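next one to model:
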Amino acid sequence: MTPFDRSLLRRLAEWDGAGAPITSLSLSVDGRTYPRKTDVEIRVDELIRRARSVAMAMGRDAVRSVERDTDAMSGFVRDDFERGGTRGLAMFSSHDAGLWDVALVPRPLMHRAVVGPDADLLPLEVVLETYRPSCLALVDYEKSRLFVVEMGQIEEVAGVTDDVPGRHDQGGRAQMRMQRHVDDHRARHLRHVAERLFALWRRRRFEHLVLAGPAEAHRELEAELHDYLRQRIRGHAVLPLSATTHQVLDKVLEVEERVERESERDVLERLEAAVGADNGGVVGLEPTLEALANDRVGELVVSHRLSAPGARCLACGRLMTRGSRCSSCGARTERIPDVVEAAVAVAFRTGARVETIVDDDPRPSFDGVGALLRF
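Now for the predicted structure:
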């Protein structure tokens, strides 16, 4: 098994199978949906049949290689896979080229079976984009609890408790002095929390921050935070200080999913504006592949549902939607089952960002794939 992070995606994107096909299977193994191991095995068998069907059109050598790949995947699920906290499973194999990787993911994945010259990275990219390392600070005026959430896994990492005197009901100046005294202790507690949060960020480098609590303390905490942390605030939430880790996790995931939908809308708006300016962006499969061939793609924008057959130049590697000869160098091409997935792999290899659009109702001007250009 391989740790699930962006280094895995980069390594898979750069894998050179020397012409041997790569079989990629991804699926949800969420126990709430598939409670029995046999439920997971049934899903895997369905995906294996799909992968072998694709290989049938690729020649005898591909069929043999994919059969060995899928035999290994079936054996892993039946003999070695232990679900634990895993909710998504991705397997990558190219028997003839010596590739075998398994990623256990704490979030459900799309059910996909892809056979081609590149690993199918879109399901993992969707999860990495949506679930960034996050922190939730659960705060009142006397106590706080700090949580870190990474890939759907939650850890309560620290707490801050300060003695804060209670208010009393004396009148006049005595009550005013006591109120100032209490307010000073409360402010001191919030500063302690802010200091602990900054120290935690320096160790864990979380990308998003959620401030929560039963009253207004979490809103007042914002003013005490370092600028680096204020820039990472993605929302406020009302939660009791006694909230369970499950309640905290649900709140963080809710915020993360909202932030990702907002990010998708933002990138589509930027793409639309760039295309409108007629120099900073392109939409559509053929213009996007042209931009990739010219190394102009700064950010590839692609729907997670889009796939299309295409061709790849055997000499220079250019991707095309069709053609037996490369439009750049004139060399022969090979047919590939999914040119969109191949484009994602090229984007990773060239250092471009990849924004996967999960929204089923994106802007009408978006044609399933596009790119923001580097220059």
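
so how far is Leu190 from Arg203?
To Leu190, Arg203 is 21 Å away according to Cβ to Cβ, to the nearest Å. Where you see a C-beta, it was placed from the backbone N, CA and C, and this is true even at glycine.

which of the two has more neighbours?
Leu190 (24 against 9; other Cβ atoms under 10 Å).

isn't Ala97 right up against Thr23?
No - contact criterion Cβ atoms under 8 Å: Ala97 and Thr23 do not qualify, at 10.9 Å.

who's more crowded, the two?
Using other Cβ under 10 Å as the criterion, Ala97 and Thr23 rank with Thr23 on top: 31 against 16.

nearest residue to the more buried one in space, please, no chain neighbours.
Leaving aside its chain neighbours, Thr23 sits nearest to Asp69 (3.8 Å; criterion: Cβ to Cβ, 6 or more residues apart in numbering).

quick one: secondary structure of the one you found?
Going by DSSP: H, G, I helix; E, B strand; the rest coil, the secondary structure assigned to Asp69 is helix.

check Ala243 too.
At Ala243, secondary structure determined by three-state DSSP is coil.

distance of it from Glu142?
As judged by Cβ to Cβ, Ala243 and Glu142 stand 16 Å apart.

neighbour count winner among these two?
Ala243 (20 against 17).

check contacts around the residue nearest the centre of the chain.
Against the mean C-alpha coordinate of the chain, by Cα atoms, centre = their mean, the closest residue is Leu128 at 1.6 Å. Applying Cβ atoms under 8 Å, 6 or more residues apart in numbering to Leu128 gives the contacts 5-6, 9.

buried members of these into PyMOL, please.
One line in PyMOL is enough to select the buried members of those, burial here meaning 16 or more other Cβ atoms under 10 Å:
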select buried, resi 9
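
please produce TSV containing the contacts of Leu128, extended by distance to Pro117, pLDDT and secondary structure.
Output for the contacts of Leu128, formatted as TSV (distance: Cβ to Cβ, whole Å; pLDDT from 0 to 100; DSSP: H, G, I helix; E, B strand; the rest coil):
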residue	distance to Pro117	pLDDT	secondary structure
Asp5	24	75	coil
Arg6	21	78	helix
Leu9	16	87	helix
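
show me which of the contacts of Leu128 is closest to Ala291.
Ala291 lies nearest to Leu9 out of those, by Cβ to Cβ, at 20.9 Å.

quick one, phi psi at the nearest residue to that closest one once chain neighbours are set aside?
Once flanking residues are discounted, Leu9 sits nearest to Leu121: 5.4 Å by Cβ to Cβ, 6+ apart. The phi/psi pair for Leu121 (degrees, to the nearest 10) reads phi -100, psi -10.

can you pull the contacts of Leu121?
Leu121 touches 9, 12-13, 341, 344-345, 348, counting by Cβ under 8 Å, 6+ apart.

distance of it from Gln231?
29 Å.

Met56 and Arg322, how far apart?
From Met56 to Arg322 the distance is 21 Å (Cβ to Cβ).

got it, and Ile336?
Distance, Ile336 to Arg322, by Cβ to Cβ: 11 Å.

the two - which one has more neighbours?
Shown here are Ile336 and Arg322; by other Cβ under 10 Å, Ile336 has more neighbours (21 against 11).

list the contacts of the more buried one.
Contacts for Ile336 were tallied using Cβ under 8 Å, 6+ apart; they are 116-117, 309-312, 319, 342.

next one: Leu271
By Cβ under 8 Å, 6+ apart, the neighbours of Leu271 are 281, 283, 301, 366, 370-372.

where does the stretch 51-200 of the chain dip in pLDDT?
For the stretch 51-200 of the chain, residues meeting the criterion pLDDT under 70 lie at 163-183.

for Val115, what are its contacts?
Contact partners of Val115, counting by Cβ under 8 Å, 6+ apart, are 21-24, 51, 54-55, 58, 62, 66, 337.

again, only this time at 10 Å
The contact partners of Val115, by Cβ atoms under 10 Å, 6 or more residues apart in numbering, come to 21-25, 50-58, 62-63, 65-66, 69-70, 94, 336-338.
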